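A.B. asks: Return atomic coordinates for the entry below.
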Amino acid sequence: MTEAFSFVIPRHAVPSDPQTGLSPLQARMIEEKASVRIFSAPTGAGKSYAFQKAMRERNARILFIVPTRRLAQNLMEGLLGDLLDAGLSKEEAQARVFLWTSDGRKAHEEANPEVRFRDLRIRQIRSEIRPDLAPEGLGFMIFATPESVAWYLLNPGLRKDGQDPENPFDLLRLDHVVFDEFHSIDARGMGLSCGLAAIASRMGRTAKITFLSATPIDVRTTLTGFGIEASAIVTAQETVVTGGPEATPAMRALHGDVRVRLEPGTDLPSLLEAHKPRILETLARGDDGFQVVVIYDSIRQLLQDKQALAAWFDSIGVRQEERLSINSSDDSVERDMDGFFTIGRQTDPRKFKVLVATSSVEMGVTFKAGLILMEPGHDACSFVQRLGRAARGDIPGEVVVLLNERALGRSGQAWLRHLPKLLAEEGERISVDRFTDLVLKAIRARFDARPEDLAADRIERDGSFRSMPESAIWGAGLFWAALEQSAHYKGLGGALENFRPQHAAEIKKRLDPMLKSRWNFTKAWAQAFLNEAKKLRMILPKVTLVEPSGKSKSIPWQLYVDTEELRRSPAILDEKGGVRVHVSRPIVLIEGALGGQRVERHEEALFPHKGARVTLPLKDIATHWRRAAAGDIGEPGLSSDKEIALLSAITLVNRTQIVPFIQQDGAEDGPSVIL
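C.D. replies: Okay, the predicted model is just below:
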């Protein structure tokens, strides 16, 4: 792409019932009777609001699962504020809104150290908390990350007080279990939703299982592949009407006119300079659309550019306290100023003139941007999500998308190279529905795709941006097998056995003999494989940097290992097994020089036929593991029972694409942000 190209996504709105204030899809979210529902609507359409309204006005009991801690925190605080505005006391509001994240655990342990958080969760989910403030029959809402819910189910305590341990039927006794932003679910993370949906679709009269997203992926195929009847699944989209106020009377505007400019260039700092007049104009506006948002694809590049960005914003009069940096590193602290930007997860992005962020801004960050300058994202989902964050409400806005050689040349970006050609054929104004259709068409077409693109891209189905691989179904089977193993009493085990899907039965058929093997390393492999069910997303650990002043901050493991200065610095393991690196100069200066090398991560993989561990590259580890395992088949001295175990393990890894690592276990919480 050699020339800039621009078009307008016109103002659009959704119908709004004058009595309830709900759009047609919002009403259906609450009232649809199907066991499993898949709903999509543009950003700003109020998907989470519909369920909050159901809790407040219909006393619905809801588990609302979101991908990040920041999003869970923001939604909880927003709902608490609404309840206070409605006249509830602080104590009454807090008795109806709960947070299942590490932040929620920390707050509880500080305020009530005498009450175990595990016990508190059981009381919350079973509606047994504060009957004086939230009597039985009143609704409540739990905001949680997927990992925290999986931990609840897969790590039940051995009860001595007569109570049933934690179990999936706790969740299914609610009115709704919602998976928000489901496009962010990894293939290996489908087990939680598939398991609950499988039971709900067969039992009836349980919690409704709902998937919500503005950029849907094809989860329906995975759900039906797991054995859920297609007739139990309903899919629906929001009704969106394009037009000005006169064409959309009594409707709720989602976005004003948004001008999108696809522009060649080198980097984001130079893009800022090129659009300086537009930035100044946006910042000077007195309405809700005054914010300027800059979005990077790479946290490494953002941290390297931070000093230059700070100097540029200083030059136009935007002070450090008026600009916020949002990414997984800066969000590892509560609130601070690093000399360049305000940072920290305990900040309200709406109070800043400028936000500089990675893709973490796509979920869990509330703002009203009049102008977004951005890199295009790593896939079409990210691209559409970012565009949808501009001009929220009935205000106009603009998005400038930087298309440089790095973005266009990445593997899997054939759709991005083709999209401008499709847009150019449409004219100046392209409705939001048509724009989405064109993005999907660009994904399908891939006319200029290279061989590596064809391997990296997956063709979407039925209007979704991508589909899940078959390994997602087998990963769901593994989650179910782990769920059965964690059942501590016969009644629960029997119930799960009755509902057991075929893929879970296949997993158990191969694992059970290994768990009973006379060889300890065979048992260890099988148990480690089951433990992998607790890891819903492959998220590399963070490394904590500690500067001489004692101030600390976390960075992704890859940035640490790629930086020679950090690898030469003294490092220790903390009490939780994390790495703490003591650096000799301020962290913010080190951040500007991160990288320089590319070091591949390796893991110690287990094998079921021998005690020796083999170190393998993490990238494509399933392929490396299978090659190593296949090389041992037929080796002299390999007994028949070891060979059977090895062949079973190869089949399991082939199907799930999951390899167990040594001493790995699932974390209770997901990331505060996703890179």
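A.B. asks: which stretches of the stretch 551-675 of the chain aren't confidently modelled?
C.D. replies: The model of the stretch 551-675 of the chain has pLDDT under 70 over residues 663-675.
A.B. asks: Which residue ranges of it form helices?
C.D. replies: 557-561, 564-567, 587-591, 621-630, 640-656 (DSSP state H, counting those that start in this stretch).
A.B. asks: got a list of contacts for the shortest one?
C.D. replies: Applying Cβ atoms under 8 Å, 6 or more residues apart in numbering, the set of residues contacting helix 564-567 from outside is 543, 545, 560-561, 581, 583, 590, 593-594, 596-597. To be clear about C-beta, it is placed using only N, CA and C from the backbone, and glycine gets the same treatment.
A.B. asks: Whichever of those residues end up buried, select them in ChimeraX.
C.D. replies: Remark: buried members of the contacts of helix 564-567, expressed as a ChimeraX selection using 16 or more other Cβ atoms under 10 Å:
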select :543,545,560,561,581,583,590,594
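A.B. asks: What about the contacts of helix 564-567, which are in strands?
C.D. replies: Among those, DSSP state E puts 543, 545, 581 in strands.
A.B. asks: Name the nearest of those relative to Arg655.
C.D. replies: Each of the ones in strands among the contacts of helix 564-567 was checked against Arg655 using Cβ to Cβ; the closest is Val543, at 33.3 Å.
A.B. asks: Quick check: bridge partners of that closest one?
C.D. replies: As for beta bridges, Val543 partners with Ile555, Val579 under DSSP bridges.
A.B. asks: ok, it touching Asp562?
C.D. replies: No. When contacts are counted by Cβ atoms under 8 Å, Val543 is not listed as touching Asp562 (11.2 Å).
A.B. asks: and Gln307, what does it touch?
C.D. replies: 340, 592.
A.B. asks: Quick one: mean pLDDT over stretch 304-313.
C.D. replies: The pLDDT scores in stretch 304-313 average 96.
A.B. asks: Same check on stretch 115-126?
C.D. replies: Stretch 115-126 comes out at a mean pLDDT of 84.
A.B. asks: buried ones in it?
C.D. replies: So, applying 16+ other Cβ under 10 Å, buried residues of stretch 115-126: 117, 120-122, 124-125.
A.B. asks: Next, check those against the helices and list the overlap.
C.D. replies: 117, 120-122, 124-125 (DSSP state H).
A.B. asks: picking up where we left off before, quick one: which of the contacts of helix 564-567 is nearest to Gly243?
C.D. replies: Closest to Gly243, out of all of those and judged by Cβ to Cβ, is Leu594, at 47.5 Å.
A.B. asks: That closest one: what's it in contact with?
C.D. replies: 300, 303-304, 555, 559, 562-563, 566.
A.B. asks: got it, and Ile587?
C.D. replies: 338, 545, 547, 551-553.
A.B. asks: Can you lay out the ones in helices among the buried residues of stretch 115-126 as a markdown table showing distance to Met363?
C.D. replies: Shown next, in a markdown table, are these (distance: Cβ to Cβ, whole Å):
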| residue | distance to Met363 |
| --- | --- |
| Phe117 | 25 |
| Leu120 | 26 |
| Arg121 | 23 |
| Ile122 | 28 |
| Gln124 | 24 |
| Ile125 | 24 |
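A.B. asks: tell me the mean pLDDT over the host helix or strand of Arg259?
C.D. replies: Here Arg259 sits within strand 258-264, counting by DSSP states H and E. On average, the pLDDT along strand 258-264 is 95.
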